[in-house]
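A.B. asks: Sequence first, predicted coordinates after that:
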Amino acid sequence: MGTSRWRGLVASGPRRPQAFTQDTAQVLAVDKKIKQLRYLPGGQGNGEMEPGVTWRGHVAQGMLLCPAPDCGLPFGRVVAGGARRHHFAHRPGEGEHDAVTGPETLWHLSAKDVLGLWAASHPNLADWTLHLDDTPITLPNGWRRPDVLAVSPDGAQVAFEVQYSALTGTDWKTRHDFYAKAGVVDIWLFAHHGPQWRPATPRQRRRRELVWRDADWAAPVQLSGLHQTMLRHGVVPLWLDPTAQMIGTATTRAHPANTSPVERLWEGSSYTLPPRRTYPACHVAADALQQCEVDLEAGELLTPARREQREEHQRLTVDEQAVKDRAARREERLQAEWDQHKRQEQERRDAEIAAAEAREQIPLREQFPPLFRPQEPPPAVKPPWWKPWQHRA
Ligand SMILES: [Zn+2]
């Protein structure tokens, strides 16, 4: 991770990752044969699903079904080629559910499916039990049903809330407190399109903390009041792109407040940190969901970007301590110099007093020899050669 802060410098140009492009392509399908979800990786539409079985062939046989509720029709074709990400599509005239259920329902479903696939295949979550939308958590004053609930072998509970629609900071705090009271770790994942994903305005993009740009960071997004409330409570907002199976972490590249303009030119003087709660926008660092794990102690989803932020925070703490130590050493040196100056001044004064006391016994002619120097005649001035008569008289 140590090299990552140089990524922005060595990258040949702005390269946007193939995630968080607001693409809503359908990349999940239910395999009729094994009754399980299949994920179409990016750029693989013309490739093989399994050795000997192509995606196109499997679709042509009508074996891949649409996972949308109230649909379940077999997909008609694989769209591969062109600018868009490879995805499944219905035959013309079929699957008009997009208009009925809207992107929210589809995103919600694929988000939960992708989280399920991730938890089932992650080595650290191998023994965990997964509940999709079926286990309510109850407290004396109410109950909540998380979108995905993961339960560890020793009983630790992690609730995943996938949030597409708008939510106020107060509502989020109520739910966050509910989970905290129930002893459940809650992880919030926002949609990569819709109300939770607002691209930053050109004015916000010019802000200081957004200038340093990592090649692996997606476009800057606005931090809503909800996101700022989360940051105030120490929760870093995360986004989920189920199409690319990526998690985005709110990130900024910021200088400490006391950095001088000259120091700011030096890459090492800025730090990759979570946004401050007052920032109106942040970058989104994209990481593969497969590389993320649950940190029960900190109560968050530990993405590689979050790990880097923690390391950078430590680096900042160490650097700030070094600055403080340097200032303290300088203060000490100045104090020592001042003490020495005062000592020398005292010695000089003592010597002067001693000399004055000694002078009282010495005759004046010896005390002030220059004043008693015998008068010498002024030197003879030679007249200029054209006025010899002036001095003849
Ligand atoms: Zn469908």
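C.D. replies: Structure received.

A.B. asks: Helices of the stretch 51-200 of the chain, residue ranges please.
C.D. replies: For the stretch 51-200 of the chain, the helices defined by DSSP state H, counting those that start in this stretch occupy 55-60, 97-121, 169-181.

A.B. asks: right, so of the ones you listed, which gets closest to residue 71?
C.D. replies: helix 97-121 (5.1 Å; CB to CB). Just so you know, the C-beta spots here come from the backbone N, C-alpha and C atoms, and that holds for glycine as well.

A.B. asks: which of the residues in that closest one are buried?
C.D. replies: 97, 105-119 (16 or more other CB atoms under 10 Å).

A.B. asks: Find the residue ranges of the chain scoring beneath the pLDDT cut-off.
C.D. replies: 1-17, 95, 98-102, 211-213, 372-373, 383, 386-393 (pLDDT under 70).

A.B. asks: The residue nearest the centre of it is in what secondary structure piece?
C.D. replies: Nearest to the geometric centre of the chain sits residue 251, at 2.4 Å (CA atoms, centre = their mean). In the assignment (DSSP states H and E), residue 251 maps to strand 246-254.

A.B. asks: ok, back up a step: how about the residue nearest to the centre of the chain, what does it touch?
C.D. replies: Counting by CB atoms under 8 Å, 6 or more residues apart in numbering, residue 251 touches 214, 217, 272, 273, 274, 275, 282, 283, 284, 285, 305, 309.

A.B. asks: show me which of the residues you listed neighbour the ion.
C.D. replies: By CB under 5 Å from the ion, no member of these lies near the ion.

A.B. asks: ok, now which ones touch residue 104?
C.D. replies: Counting by CB under 8 Å, 6+ apart, residue 104 makes contact with 164, 165, 191, 194.

A.B. asks: would you list every one of the strands in the stretch 1-150 of the chain?
C.D. replies: Counting by DSSP state E, counting those that start in this stretch, the stretch 1-150 of the chain has these strands, from start to end: 28-31, 36-39, 48-50, 53-54, 64-65, 77-79, 87-89, 129-132, 137-139, 142-144, 148-151.

A.B. asks: buried residues in the second one?
C.D. replies: Of the residues in strand 36-39, those buried under the neighbour-count criterion (16+ other CB under 10 Å) are 37, 38.

A.B. asks: what helices or strands is that strand leaning on?
C.D. replies: Secondary-structure packing of strand 36-39 (3 or more CB pairs under 8 Å, 6 or more residues apart in numbering; DSSP states H and E): strand 28-31, helix 97-121.
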